[in-house]
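Colleague: Got a predicted structure here, sequence first:
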Amino acid sequence: MRILFFGRLGDLAPAGPVPPGVRDTGALRAWLGRDRPELLDASIRIAVNDEIILGDRALGDGDEIAFLPPVSGG
Amino acid sequence: MIAVQAEPFEAAVLLADFSARAAGAGAIASFIGLVRGENDGALVSGLELDHHPRLTERTIEAIAADAAARFDLIDVAIVHRHGALAPGEAIVFVAAAAPHRRAAFDAVDYVMDRLKTEAPFWKREQRSDGAHWLEARDSDHADRRRWEAEPR
């Protein structure tokens, strides 16, 4: 899995290898959030393979998971 | 025309090109967003715009398509910068061409409200009081909600 942090989350420590038991977005957020509590905030959205997801999504080894804080475009 | 680019753009040139292609338009409205020189009473020396390359472009394309479906438009253009910008530089250019002015005005307003609240960009201002990540303001979300009612 490839894990990306955007915006202010880019200052967080990069994610290490994901443990084998972490197979969905909820588990991934909880695992990463142990050292990075910012990720547990409900305002942080998750995109899997360039698609923003609502709720939980199963994850495979080839997936790219992006953590997105509230935006500020325009 | 949809573009997300690091390179600066000349809004006057974009508008001239857009106007030349908008055959049959009776009205063209445009908007240019600039890097502000001060915020919250502090001087701004620069702005970094982080983005998610593919998701950002896809989101902007969807916003443009929604504007075209919602308003009576001939064409719409959205050009957005990312990367490092200086105060006074243009961040975003939006233009809409329509048979009549109301659709052109409304489409530009609508596109900006959606860009502010939905496009995956993240701004970090370098200010005299330090670096600050920005988020859409409550007023930006209130502006966005104006469009939730059915189109007229």
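Modeller: Good, I have the coordinates. Numbers count the residues shown, from 1 in each chain, chains lettered A, B, ... in the order given.

Colleague: which residues of chain A fall in helices?
Modeller: Here chain A has its helices, by DSSP state H, at A:25-33.

Colleague: residues from chain B in reach of chain A?
Modeller: In this structure, chain B approaches chain A at residues B:33, B:50-52, B:54-55, B:58, B:80, B:91-92, B:112, B:115-124, B:133-136, judged by C-beta under 8 Å from any C-beta of the partner chain. Using the backbone N, CA and C atoms, a C-beta is placed for each residue, glycine as well.

Colleague: which of the residues you listed are buried?
Modeller: By neighbour count, with 16 or more other C-beta atoms under 10 Å in any protein chain shown, the residues of chain B next to chain A hold B:33, B:50-52, B:54-55, B:80, B:91-92, B:112, B:115-124, B:133-136 as buried.

Colleague: any idea which residue of chain B is furthest from its center?
Modeller: B:Asp129 (27.0 Å; C-alpha atoms, centre = their mean).

Colleague: Quick check: closest non-adjacent residue to that one.
Modeller: Leaving out its chain neighbours, the residue that sits closest to B:Asp129 by C-beta to C-beta, 6 or more residues apart in numbering or on different chains is B:Ala42, at 4.4 Å.

Colleague: ok, back up a step: the residue farthest from the centre of chain B and chain A: what is the separation?
Modeller: 17 Å (C-beta to the nearest C-beta, to the nearest Å).

Colleague: Just give the number of residues close to residue 73.
Modeller: Since you didn't name a chain, this refers to chain A. The burial count assigned to A:Gly73 is 27, neighbours taken as other C-beta atoms under 10 Å in any protein chain shown.

Colleague: I was thinking of chain B, sorry if that wasn't clear
Modeller: Residues near B:Leu73, counting by other C-beta under 10 Å: 20.

Colleague: That one reaches B:Ala107, doesn't it?
Modeller: Yes: B:Leu73 is within contact range of B:Ala107, at 5.7 Å (criterion: C-beta atoms under 8 Å).

Colleague: tell me, what's touching those two both at once?
Modeller: Taking C-beta atoms under 8 Å, 6 or more residues apart in numbering or on different chains as the criterion, B:Leu73 and B:Ala107 both touch B:Ala67, B:Ala96, B:Ala98.
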